[in-house]
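Peer 1: Have a look; sequence and predicted model below, questions after that.
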Amino acid sequence: MRHGKKINHLGRKTAHRHSMLANMACSLVEHKRINTTVAKAKALKKFVEPLVTKSKEDTTHNRRLVFAKLRQKEAVAELFRTVAPKVGDRPGGYTRIIKLGNRLGDNADMAMIELVDFNELYNAGKATKKKTTRRSRRGSGSGAEATTAAPAKAEKEAKKEEE
């Protein structure tokens, strides 16, 4: 029974698996797409997506957290410089897995994993959308509240003066 066993061990010990995923993640960040087996691609997706999310906010702490996982300075710099600005407005789902068929040697299921925003074929028809900011009704004292509060205040004062 597989109760509670969410991670695919990929037939490797823990240290070997972590090193392999770190190397594959660095290759993915550097080349924007890599070919691998389907099982490794799915494991890599779970490994890379939180790192891309951390890279959206460029702080020293986030850089250190990402470096602890990737262990390559150039890959961390590439992730924070080029990948993060391009995926800044995306709320998740930074990678795409495309199945390629079976490998000739051992008939293993092969797949291509790529960073979604770096594929020009899929993004050709879409226009770049300007990033919008959301405004809260309970924001600070500036903005819409100040303009709507002034007439209401004036009306209350006028009623008091009439009485």
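Peer 2: That came in fine, so what should we check first?
Peer 1: What segments of the chain are strands?
Peer 2: 33-37, 95-102, 109-115 (DSSP state E).
Peer 1: So which of these is the most surrounded?
Peer 2: Per-stretch averages of neighbours, counted by mean count of other Cβ atoms under 10 Å, single out strand 109-115 among those, with a mean of 18. The way it works is simple: take the backbone N, C-alpha and C, and place the C-beta from them, glycine included.
Peer 1: on that earlier part again, would you mind giving the strands of the chain as a markdown table with distance to Ser19 added?
Peer 2: As requested, the strands of the chain are exported to a markdown table (distance: least, Cβ to Cβ, whole Å):
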| stretch | distance to Ser19 |
| --- | --- |
| strand 33-37 | 15 |
| strand 95-102 | 20 |
| strand 109-115 | 18 |
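Peer 1: Out of these, which is closest to Lys69?
Peer 2: strand 95-102 (15.2 Å; Cβ to Cβ).
Peer 1: what lines up beside that closest one in the sheet?
Peer 2: strand 109-115 (antiparallel) (DSSP bridges).
Peer 1: how near is Asp58 to Val76?
Peer 2: 11 Å (Cβ to Cβ, to the nearest Å).
Peer 1: So for those two, which residue has more residues nearby?
Peer 2: In this view Asp58 and Val76 are compared by other Cβ atoms under 10 Å, and Val76 has more residues nearby, 23 against 12.
Peer 1: Which residue, neighbours along the chain excluded, lies closest to that one?
Peer 2: Phe67 (5.0 Å; Cβ to Cβ, 6 or more residues apart in numbering).
Peer 1: Check Arg33 too.
Peer 2: Glu114 (3.5 Å).
Peer 1: and that neighbour, bridged to which residues?
Peer 2: Arg33, Arg96.
Peer 1: For it, give me its contacts.
Peer 2: Applying Cβ atoms under 8 Å, 6 or more residues apart in numbering to Glu114 gives the contacts Leu28, Lys32, Arg33, Ile34, Thr95, Arg96, Ile98.
Peer 1: rerun that using 10 Å as the cut-off
Peer 2: 28, 31-35, 41, 94-98, 122 (Cβ atoms under 10 Å, 6 or more residues apart in numbering).
Peer 1: same check, this time on Leu121
Peer 2: Contacts of Leu121 (Cβ under 10 Å, 6+ apart): none.
Peer 1: Could you shift the numbering so residue one becomes 56, and keep it that way?
Peer 2: Yes, from this point I'll number from 56; that puts the last item at Leu176.
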